[in-house]
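[1] prediction below, plus the sequence it came from.
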Amino acid sequence: MKILIVTQYFYPENFKSNDMAFELKKRGHEVTVLTGIPNYPEGKIYDGYGFFKTRKQIINGVEIIRALLMPRGKGGGIRLFINYFSWAFFASLKAIQISSSKKFDVIIVHEPSPITQFYPALALKKLQKTPIYFWVMDLWPESLEIAGGIKNEFILNSFTKMVQKFYKESEKILITSKGFKKSILEKGDFEDKIHYFPNWAEDTISFGNKEFPIPTLPEGFKIMFAGNIGEAQDMDNIMTAALHLKHNKNIKFILVGDGRKMPFVQDFIKNNNLEETVYTVGRYPVEAMASFFNVADALLVSLKDDPIFNLTVPAKVQAYMSSGKPIIAMLNGEGAETIVEANCGFAVPAGNSDKLAEVINQASQMTDEHLLGLGENGKRFYETHYKMEECISNLEKIISQK
């Protein structure tokens with residue numbers, strides 16, 4: 001099939017769109033990606049790219065076409081708005097240009113935020129009548145209201161109408177979490193369009209180099225958090241749990257990553273004298289994660305107690321499962337239910353720092369055999385439900401149905 005993937009984010013940025021494109025190409029499909037100039041997450045255009053260079057590439061046989069955008073900068077509200085809409089505008093123009101020289105069988109929209117990534121696909125659909133398969137990884141306008149703090153009814157209603165139009169124009173709506181279904185059905189009768197299409201973990205995590213160089217970590221029971229250190233991850237309650245466990249010097253919190261809440265975390269460590277039990281090591285490439293996870297005793301995932309987060313299974317759950325290490329989760333909804341179903345660790349309610357501290361202390365006293373068993377349960381669950389090859393095979397079935 002001739003497939004166009006529309007996404008604002010693509011290699012060398014680290015998103016699932018990379019795996020999707022390269023795996024589909026490997027299976028014999030002709031794959032083109034319409035994307036942006038790489039600038040995520042730091043907000044600066046990557047070295048080797050620019051407004052007037054490296055706008056077209058072929059990587060692993062995939063043709064990549066990059067539309068202009070305004071870099072996201074430090075991610076403030078106005079700057080993000082300009083980043084989102086500038087790419088949607090210029091990518092739509094590029095889609096119109098592409099339509100004169102290329103004909104596609106299928107368009108796949110890969111949508112971590114923002115929802116506006118649908119516009120270029122819609123422009124092409126109008127010109128070529130090509131069906132759009134919309135991979136929804138973030139719910140709008142809920143994300144705008146909860147994560148973005150937007151309360152203006154006019155703005156929220158405008159985005160609701162936009163989302164309804166996008167769902168209506170989609171051939172199929174692919175959801176990463178079964179909990180998304182409720183939100184989508186509230187916006188229209190889209191029952192027959194919805195397919196469950198979950199995240200997967202990168203091979204660099206599940207089969208990666210466990211000898212990748214990382215810093216020497218402290219001795220003790222290492223509970224590791226890896227990923228974005230932001231508002232959604234509820235670092236306030238993670239730090240409160242660390243404070244509860246301050247006098248247990250055997251328990252070491254290892255935070256791998258960076259984000260908006262890192263200054264808060266560093267100040268909290270300093271102000272509460274947690275230097276002996278909480279360690280921040282900064283951001284590392286995905287290639288380093290296998291090495292980090294290999295030395296962890298348990299892996300920590302958390303989300304705030306918000307309605308939208310309760311519908312979400314964080315992508316790191318699959319990554320953690322693939323590593324074969326037990327998971328400790330402080331979240332609600334489908335994410336917690338998945339960990340319980342897989343019997344691969346502990347799940348405590350979102351925002352409950354007391355309970356989090358309790359189960360971390362409990363896990364630290366378990367035998368290695370018990371912890372290993374929980375980790376193996378997670379790995380088996382991952383291999384049954386979340387292997388990338390199986391997910392892409394399912395995608396091929398979905399997009400080939402008439």
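    Looks like it arrived, so ask away. Quantities reported herein were computed from a predicted structural model and do not represent experimental measurements. Residues are numbered from 1 along each chain as shown.
[2] check contacts around the nearest residue to residue 342 once chain neighbours are set aside.
    Distances taken as C-beta to C-beta, 6 or more residues apart in numbering place residue 381 nearest to residue 342, at 3.7 Å, with adjacent residues excluded. In short, each C-beta sits where N, CA and C put it, glycine included. Residues in contact with residue 381, defined by C-beta atoms under 8 Å, 6 or more residues apart in numbering, are 321, 341, 342, 344.
[3] try 7 Å this time
    By C-beta atoms under 7 Å, 6 or more residues apart in numbering, the contact list for residue 381 reads 321, 342, 344.
[4] need the contact list for the first one.
    What that stands for is residue 321. Neighbour list for residue 321: 342, 344, 378, 379, 381, 382, 386 [criterion: C-beta under 7 Å, 6+ apart].
[5] phi, psi of the second one?
    Note on residue 344: its backbone torsions stand at phi -120, psi 20 [degrees, to the nearest 10].
[6] CSV please, covering the contacts of residue 381 and showing pLDDT and distance to residue 201.
    Output for the contacts of residue 381, formatted as CSV (pLDDT from 0 to 100; distance: C-beta to C-beta, whole Å):
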residue, pLDDT, distance to residue 201
321, 94, 7
342, 96, 14
344, 97, 13
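[7] of these, which is the nearest to residue 277?
    In terms of C-beta to C-beta, no member of the contacts of residue 381 lies closer to residue 277 than residue 344, at 24.8 Å.
[8] residue contacts, that closest one?
    Counted by C-beta under 7 Å, 6+ apart, residue 344 has contacts 321, 326, 327, 374, 375, 377, 378, 381.
[9] hang on, the earlier thing: let's see which of the contacts of residue 321 end up in strands.
    With DSSP state E as the criterion, strands contain none of these.
[10] can you list the low-confidence ranges for the stretch 151-300 of the chain?
    Of all residues in the stretch 151-300 of the chain, those with pLDDT under 70 make up the ranges 203-204, 206.
[11] where do the helices sit along the stretch 251-400 of the chain?
    Taking DSSP state H, counting those that start in this stretch, the helices of the stretch 251-400 of the chain run over residues 262-271, 289-295, 307-310, 315-323, 333-342, 353-364, 368-385, 388-400.
[12] including distance to residue 228, could those go into CSV?
    Listed next are these as CSV, based on distance: least, C-beta to C-beta, whole Å:
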stretch, distance to residue 228
helix 262-271, 10
helix 289-295, 13
helix 307-310, 13
helix 315-323, 9
helix 333-342, 15
helix 353-364, 19
helix 368-385, 21
helix 388-400, 21
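[13] which one of the ones you listed has the lowest average pLDDT?
    In terms of mean pLDDT, the lowest-scoring of the helices of the stretch 251-400 of the chain is helix 307-310 (a mean of 80).
[14] quick revisit: any idea how far residue 393 is from the residue nearest to residue 342?
    As judged by C-beta to C-beta, to the nearest Å, residue 381 and residue 393 stand 18 Å apart.
[15] can you check residue 265 too?
    For residue 265, the distance to residue 393 equals 40 Å [C-beta to C-beta].
[16] between these two, who's got more neighbours?
    Looking at residue 265 and residue 393 with other C-beta atoms under 10 Å, you find the greater number of neighbours at residue 265, namely 23 against 12.
[17] residues in contact with residue 55?
    By C-beta under 7 Å, 6+ apart, the neighbours of residue 55 are residue 66.
[18] check it and give its pLDDT.
    The model reports residue 55 with a pLDDT of 94.
[19] what is the burial count for the nearest residue to residue 119 once chain neighbours are set aside?
    Spatial nearest neighbour of residue 119, excluding adjacent residues (C-beta to C-beta, 6+ apart): residue 88 at 4.4 Å. For residue 88, the neighbour count with other C-beta under 10 Å is 22.
[20] surely residue 88 is in a helix?
    Yes. Counting by DSSP: H, G, I helix; E, B strand; the rest coil, residue 88 is found in a helix.
[21] distance of it from residue 139?
    Distance of residue 88 to residue 139, computed by C-beta to C-beta: 18 Å.
[22] now swap in residue 299 and tell me
    For residue 299, the distance to residue 139 equals 25 Å [C-beta to C-beta].
[23] more crowded one of the two?
    Set residue 299 next to residue 139 and count neighbours by other C-beta under 10 Å: residue 299 wins out with 28 against 24.
[24] tell me the contacts of that one?
    Residue 299 neighbours (C-beta under 7 Å, 6+ apart): 224, 293, 320, 323, 325, 327.
[25] which residue comes closest to the fourth one once chain neighbours are left out?
    Leaving aside its sequence neighbours, residue 323 sits nearest to residue 293 (C-beta to C-beta, 6+ apart; 4.0 Å).
[26] and for the spatially closest residue to residue 128 that is not a sequence neighbour, the neighbour number?
    Ranked by C-beta to C-beta, 6+ apart and with sequence neighbours excluded, the top spatial neighbour of residue 128 is residue 99, at 5.8 Å. By other C-beta under 10 Å, the residues close to residue 99 number 18.
[27] do you have the strands of the stretch 51-200 of the chain handy? List them.
    Taking DSSP state E, counting those that start in this stretch, the strands of the stretch 51-200 of the chain run over residues 56-59, 62-67, 106-111, 132-136, 172-175, 194-196.
[28] how about those, which one is nearest residue 254?
    Per C-beta to C-beta, nearest to residue 254 of the strands of the stretch 51-200 of the chain: strand 106-111, 30.8 Å.
[29] now the most centrally placed residue in the chain. Nearest residue, chain neighbours left out?
    Against the mean C-alpha coordinate of the chain, by C-alpha atoms, centre = their mean, the closest residue is residue 315 at 5.0 Å. Once flanking residues are discounted, residue 315 sits nearest to residue 199: 4.4 Å by C-beta to C-beta, 6+ apart.
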